[in-house]
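Chemist: Have a look; sequence and predicted model below, questions after that.
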Amino acid sequence: MIRQLPSRVLSTRRRNIPAIIGGTLGVAVLLAGCAGIPADVDGTLRRAQDGELRVGITHNPPWTNTVNSAAPSGRDVRLVQEFADSLEANIVWTVGSESILTDQLHNGSLDVAIGGFTDDTPWTDRAAITAPFREERVDGNTKKHVLLTVLGENQFLTTLETFLLEHGDDQ
């Protein structure tokens with residue numbers, strides 16, 4: 001036996017079809033808009049690509065050596081130079097103390113800071129930190145190395161972290 005629905009119920013269902021289609025299209029548009037996630041609020045990655053990567057450096061051998069500030073050296077220096085090369089960016093160096101560099105990261109005048117930073121850095125209120133990319137044993141403790149970056153620039157941070165995961169232990 002086939003049961004027939006009252007016509008009133010059928011007409012209500014037909015009126016919901018445009019709402020269902022509209023809702024489905026709305027969800028599709030929202031998902032398409034998420035393709036750029038993560039995003040940079042100030043466009044750091046876009047600016048650095050084929051442009052300038054603004055790097056702050058503090059003296060902390062063997063990770064960073066600023067004795068010759070025109071040509072800094074060290075393990076973190078080589079790593080950030082390779083990252084800049086991957087972006088086809090020129091590095092503009094700024095030498096300073098940790099507090100000065102984190103202030104400059106916080107105000108957006110630097111993109112990244114290096115100096116043998118570890119994941120227990122006290123600067124997390126002024127800068128974003130990368131995922132650890134290198135570990136070392138010091139006096140029986142494991143130190144996990146990170147770089148500091150400008151807050152809110154998530155596409156830049158993700159690109160840097162991807163690079164560090166591929167190259168971080170090589171240095």
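Modeler: Structure received. Keep in mind it's a predicted model, so treat the numbers as computed, not measured.

Chemist: drop to CA atoms for contacts and neighbour counts, all remaining ones
Modeler: Will do.

Chemist: How is the protein partitioned into domains?
Modeler: The record assigns the chain these domain ranges, following automatic domain parsing: 7-36, 44-170.

Chemist: For those domains, which has the smallest mean pLDDT value?
Modeler: Averaged per stretch, pLDDT over the domains of the chain is lowest on domain 7-36, reaching a mean of 50.

Chemist: Start and end of stretch 136-144, how far apart?
Modeler: Its start and end residues considered, stretch 136-144 measures 7 Å (Cα to Cα, to the nearest Å).

Chemist: scratch that, stretch 146-161
Modeler: Note: stretch 146-161 ends 9 Å apart using Cα to Cα.

Chemist: So what touches it?
Modeler: Surrounding stretch 146-161, the residues in contact under the criterion Cα atoms under 8 Å, 6 or more residues apart in numbering are 37-45, 83, 105-106, 108, 110-119, 126-134.

Chemist: Next step: those residues restricted to strands.
Modeler: The strands, defined by DSSP state E, take in 112-114, 128-129, 134 from these.

Chemist: ok, back up a step: buried only: go through the contacts of stretch 146-161 for me.
Modeler: Neighbour counting with 16 or more other Cα atoms under 10 Å marks 39-40, 44-45, 83, 105-106, 108, 110-119, 126-134 as buried within these.

Chemist: what residue lies at the spatial centre of this protein?
Modeler: The C-alpha lying nearest the average C-alpha coordinate of the chain belongs to Leu157 (Cα atoms, centre = their mean; 0.8 Å).

Chemist: could you check the distance from the residue lying closest to Gly168 once chain neighbours are set aside over to Ser99?
Modeler: Nearest residue to Gly168 in three dimensions, chain neighbours excluded: Phe133, at 5.1 Å (Cα to Cα, 6 or more residues apart in numbering). Going from Phe133 to Ser99 by Cα to Cα gives 22 Å.

Chemist: Likewise for Glu153?
Modeler: Shown here: Glu153 relative to Ser99, a distance of 20 Å by Cα to Cα.

Chemist: Please say which of the two ends up with more neighbours.
Modeler: Neighbours per residue, other Cα atoms under 10 Å: of Glu153 and Ser99, the larger number sits with Glu153, 20 against 12.

Chemist: Could you list everything the more buried one pairs with in the sheet?
Modeler: Asp40 (DSSP bridges).
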